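J.: Fold the following.
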Amino acid sequence: KTKEQLLQESEARYKAIFNYATEGIIVADIETKRFKYVNRAACEMFGYTAEQLQQMSVYDIHPKEYIPSVIAGFEAQARGEKTLIANVPCLSKDGTVFYANINTTCVAIDNASCMVGLFTNITERKHTEDALRESEARYKAIFNFATEGIVVTDVETKRHRYVNPAACRMFGYTAEEFQQMSVYDIHPKEYMPSVIAGFEAQARGEVTRVPNVPCLQKDGTVFYADIDTTCVIIDQRPCNVGLFTNITERKHAEVEKEKFRKQIIWQSRLAGIGELASGLAHEIGNPLQTILGNADILL
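T.: Predicted coordinates:
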């Protein structure tokens, strides 16, 4: 084959790659910023024909409010300082804004310095990432501002991984101290067998609540909590997410209520005994008066 044939074949191959690439490709003159060549994917991405895009420039395919940052990125790429500009807002013909990562390289075409831009539409991924960030922010707010203590504990090691501010206040430790501790450090030793049994039953999904659990504060004070849990996978490890509800005041109130109930029952019994004694005295007193009267007559 002649050099000319080889050149034509090479040109045909690159033309096929250019036209059938799934990413949008736009070749722009660096000085004028006007488009010289565009491929089919770029036309579909922006909604223009190739002829229309070749009459346009960088200024026409991005929202006006983002033009300064887009041009700054374009010029940085032209100077070779960057090859990728990520998350660039792009404007399609119908006014829809989508986002693209733009990878570039500089080449000389027809004696002019040009930028070859490879546009990858990341709009769906961006929406997913934005939704994920928003979801994470919501759950972080719930975690941090919940009034109940939340403790995330590794099921296998029983060490605490995350705690919220309410749990820190409840136990009297800082988050950093808590994360160096385990289940064994926040309950009185004499209750540990039942505490561990409840923890493991929750980890197996057999129960979701263990009520009236004795808990040990940093200063040695014992309080009581109902612990509701769910088991989740965090960093590929099973963890118990425990919601601690302090029931100490309620427990004390229940104890006082039980004492009061017993007092009422005892007082009721005493009253019954009093009535019985009064009745007996009345029943015995009347015959005794007669006997005593007759005894006086006999005397």
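
J.: where exactly do the strands run in the stretch 151-299 of the chain?
T.: Remark: strands assigned in the stretch 151-299 of the chain by DSSP state E, counting those that start in this stretch are 160-163, 209-216, 222-234, 237-246.

J.: Just the C-alphas of the first one, formatted as CSV.
T.: What follows is strand 160-163 as a C-alpha-only set of coordinates in CSV (Å, rounded to 0.1, in the frame of the first residue of the first chain):
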residue,chain,number,x,y,z
HIS,A,160,-18.0,1.3,70.3
ARG,A,161,-17.5,2.9,66.9
TYR,A,162,-19.7,5.9,66.9
VAL,A,163,-21.7,7.8,69.6
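
J.: what's that strand packed up against?
T.: strand 149-154, helix 175-178 (3 or more C-beta pairs under 8 Å, 6 or more residues apart in numbering; DSSP states H and E). Any C-beta I mention is one placed from the backbone N, CA and C, and that applies to glycine too.

J.: Could you look over those and pick the most buried one?
T.: Greatest average neighbour count among these goes to strand 149-154 (a mean of 21), per mean count of other C-beta atoms under 10 Å.

J.: elements contacting it?
T.: Short answer (3+ C-beta pairs under 8 Å, 6+ apart): strand 149-154 packs on strand 160-163, helix 165-171, strand 237-246.

J.: mind giving me CSV with these and columns for distance to residue 145 and mean pLDDT?
T.: Output for the helices and strands packed on strand 149-154, formatted as CSV (distance: least, C-beta to C-beta, whole Å; pLDDT from 0 to 100):
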stretch, distance to residue 145, mean pLDDT
strand 160-163, 14, 96
helix 165-171, 8, 96
strand 237-246, 14, 95
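
J.: Among those, which comes closest to residue 63?
T.: Of all the helices and strands packed on strand 149-154, strand 160-163 sits nearest to residue 63, with 39.8 Å by C-beta to C-beta.

J.: what lines up beside that closest one in the sheet?
T.: Next to strand 160-163 in the sheet, as set by DSSP bridges, lie strand 149-154 (antiparallel).

J.: got a list of contacts for the strand it pairs with?
T.: Applying C-beta atoms under 8 Å, 6 or more residues apart in numbering, the external contacts of strand 149-154 come out as 143, 159-164, 166-171, 178, 182-183, 199, 225, 234, 237-244, 246.

J.: What subset of those residues is buried?
T.: Using 16 or more other C-beta atoms under 10 Å as the burial test, those include 143, 160-164, 166-168, 170-171, 178, 183, 199, 225, 239-244, 246 as buried.

J.: SS state for the most centrally placed residue in the chain?
T.: Centroid check for the chain by C-alpha atoms, centre = their mean gives residue 139 as the closest residue, at 3.8 Å. Using DSSP: H, G, I helix; E, B strand; the rest coil, the structure places residue 139 in helix.
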